[in-house]
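# sequence and predicted structure below; questions after.
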Amino acid sequence: MKDMQHSGNDELDFSHALDILIKEVDYYLKSGYFLSDSSEIALVKSYFTNIHNKILVLKTQPRSSQHQRRLYSDFCKVRLMLASPVFKSVRNNVRQSVMSNKFYMQRITSSYDKCITALESRVVSKDLRHDSAYDDFSERSVLLGPLRNREQLSICLEGNFYHIPVSKLEAQVGEISHIAIYQSKNFYGKDAGIRFWAKVISCEKIKRSELKEIPKKSDELYYLFRVEGWKRLKNDIVMSGGGVPFSLTSLQLLKNARDVCELNFKEPIMHKLFCQIRALAESGRNNVACHYRTSTFAMENGMVSLYKNKKCVCCVSIKDYLSNPGKYFWYMLRFVNNK
């Protein structure tokens with residue numbers, strides 16, 4: 001695969017780039033340029049105020065890998081907004097409204113590019129690197145366990161257990177070494193995803209009425225898993241698409257995934273391709289691409305375009321793609337596999 005193109009400033013120190021960006025944005029906020037009552041200028045001022053506040057918060061964050069990844073994602077989103085047709089239109093209107101002041105948007109977008117470049121080698125490369133341990137998807141021993149209601153989460157966390165109807169578990173109990181709690185959109189909305197996991201220490205088959213932590217009169221058979229102690233994932237796994245049934249995933253995927261959809265990958269090469277396309281889409285850069293077999297996934301003019309034998313066979317807007325990367329990745333892959 002072809003790696004993402006870089007701007008040539010890979011050694012740029014991120015903190016230095018961030019300091020420059022703060023000064024650039026602060027200049028516009030304090031400038032008399034915003035004294036006009038123009039609605040367009042008011043919109044730009046509001047936009048820059050939000051950016052400035054976010055930058056000051058990000059500046060104080062620790063430099064852990066989790067914060068770097070979130071930071072990179074935040075900067076990419078802002079960079080996409082700066083390049084949006086709507087914002088470009090506002091900038092053009094502002095130029096025409098205030099001819100006595102020059103609006104150097106290129107300096108700010110350039111500063112954003114430098115910040116993104118400074119983070120890419122530390123964040124994006126983690127999605128694309130070759131790691132033999134990370135490539136082991138064959139041992140699928142982590143049970144993804146959904147909840148019946150919101151209250152169940154706190155009870156399970158406090159009691160260090162998880163239960164599931166025998167009829168619902170298709171996997172062999174002996175295959176399960178760990179459990180990850182799946183918080184569905186039905187109960188958790190925007191907070192849906194996976195945050196907690198634990199190592200299984202015992203499993204027994206019981207009647208539902210025997211589960212004292214959550215009383216219920218029922219003779220239905222359940223598996224009761226006792227766990228070593230629930231832990232919080234270093235990086236919460238968000239949910240962009242549909243629901244997840246009772247299923248198994250690998251421990252490596254659980255520890256490295258960003259989206260629930262990644263937990264279903266069976267082939268490392270497919271997961272690497274998925275991560276690379278997502279990284280390119282998040283970068284906000286134009287005319288960059290990665291290759292797979294005879295196909296090319298290109299970021300161009302706000303679209304993820306798939307070329308096969310140099311012919312565009314399908315495309316999806318970057319905004320839509322990032323809203324549900326799992327759905328659109330497999331949708332586009334069908335065109336790759338069609339002869």
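That came in fine, so what should we check first?

# against R334, how distant is C314?
C314 sits 9 Å away from R334 when distances are taken as Cβ to Cβ, to the nearest Å. No exception for glycine: its C-beta is placed from N, CA and C like everyone else's.

# more neighbours: which of the two?
Ranked by neighbour count (other Cβ atoms under 10 Å), C314 and R334 place C314 first, with 15 against 9.

# state the helix or strand in which that one lies.
C314 is located in strand 311-317, with elements delineated by DSSP states H and E.

# quick check: mean pLDDT across that strand?
When pLDDT is averaged along strand 311-317, the result is 92.

# just checking, what packs against the helix or strand that it is followed by?
Sequence order places helix 318-323 as the next helix or strand after strand 311-317, per DSSP H and E. Under the contact criterion of 3 or more Cβ pairs under 8 Å, 6 or more residues apart in numbering; DSSP states H and E, helix 318-323 touches helix 268-283, strand 303-308.

# sheet partners, orientation included, of the last one?
By that I understand strand 303-308. Strand pairing for strand 303-308, determined by DSSP bridges: strand 295-300 (antiparallel), strand 311-317 (antiparallel).

# could you chop the protein up by domain?
With domains defined by automatic domain parsing, the chain comprises 14-128, 142-264, 268-337.

# any stretches of the stretch 1-150 of the chain with poor pLDDT?
Scanning the stretch 1-150 of the chain with the threshold set as pLDDT under 70 gives 1-19, 21-22, 24-136.

# same question, the stretch 151-300 of the chain
For the stretch 151-300 of the chain, the stretches with pLDDT under 70 are 242-246.

# same thing but at 80, please
Low-confidence segments of the stretch 151-300 of the chain, defined by pLDDT under 80, span residues 170-172, 174, 241-246.

# can you show me the helices along it?
Assigned by DSSP state H, counting those that start in this stretch, the stretch 151-300 of the chain shows helices spanning 185-188, 251-256, 268-283.

# out of those, nearest to V142?
With Cβ to Cβ, the closest approach to V142 among these belongs to helix 251-256: 5.2 Å.

# just the C-alpha atoms of that closest one, please, in PDB.
Once non-C-alpha atoms are left out, helix 251-256 reads as follows in PDB (Å, rounded to 0.1, in the frame of the first residue of the first chain):
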ATOM      1  CA  LEU A 251      -8.000  -9.500  22.600                       C
ATOM      2  CA  GLN A 252      -5.700  -7.600  20.200                       C
ATOM      3  CA  LEU A 253      -8.600  -6.000  18.400                       C
ATOM      4  CA  LEU A 254     -10.300  -5.100  21.700                       C
ATOM      5  CA  LYS A 255      -7.200  -3.300  22.900                       C
ATOM      6  CA  ASN A 256      -6.500  -1.400  19.600                       C
END
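
# and it, what other elements does it pack with?
The helices and strands touching helix 251-256, judged by 3+ Cβ pairs under 8 Å, 6+ apart, are strand 178-183, strand 231-238.

# one step back: ranking the strands paired with strand 303-308 by burial, who's on top?
Mean neighbour counts were compared across the strands paired with strand 303-308 using mean count of other Cβ atoms under 10 Å; the top stretch is strand 295-300, at a mean of 20.

# and that strand with helix 268-283, angle?
Between the axis of strand 295-300 and that of helix 268-283 there is an angle of 10 degrees, by axes from the mean of the first three to the mean of the last three Cα atoms, to 10 degrees.

# just to revisit the earlier point, who wins for proximity to S323 among the helices and strands packed on helix 318-323?
Judged by Cβ to Cβ, the one of these that comes nearest to S323 is helix 268-283, at 10.6 Å.

# pull the closest one out as CSV, backbone CA atoms only.
The C-alpha atoms that make up helix 268-283 are tabulated as CSV, following Å, rounded to 0.1, in the frame of the first residue of the first chain:
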residue,chain,number,x,y,z
PRO,A,268,-5.5,-8.3,9.4
ILE,A,269,-5.0,-7.0,5.9
MET,A,270,-8.6,-5.9,5.7
HIS,A,271,-8.3,-4.1,9.0
LYS,A,272,-5.1,-2.4,7.9
LEU,A,273,-6.8,-1.2,4.8
PHE,A,274,-9.8,0.0,6.8
CYS,A,275,-7.5,2.0,9.2
GLN,A,276,-5.6,3.5,6.4
ILE,A,277,-8.6,4.8,4.5
ARG,A,278,-10.1,6.2,7.7
ALA,A,279,-6.8,8.0,8.5
LEU,A,280,-6.7,9.5,5.0
ALA,A,281,-10.3,10.7,5.3
GLU,A,282,-9.7,12.2,8.8
SER,A,283,-6.6,14.0,7.6
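
# that older thread, Throw the strands paired with strand 303-308 into a markdown table and include distance to L143, thanks.
Listed next are those as a markdown table, based on distance: least, Cβ to Cβ, whole Å:
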| stretch | distance to L143 |
| --- | --- |
| strand 295-300 | 33 |
| strand 311-317 | 33 |
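
# what does the biggest strand by length in the chain rub up against?
With DSSP state E applied, the strand covering the greatest number of residues in the chain is identified as strand 193-207. Outside strand 193-207, the residues within contact range by Cβ atoms under 8 Å, 6 or more residues apart in numbering are 142, 144, 153, 157, 160, 162, 166, 173, 176-183, 218-233, 236-239, 254, 260, 263.

# if I look at C275, how far off is N264?
The span separating C275 from N264 equals 14 Å under the rule Cβ to Cβ.
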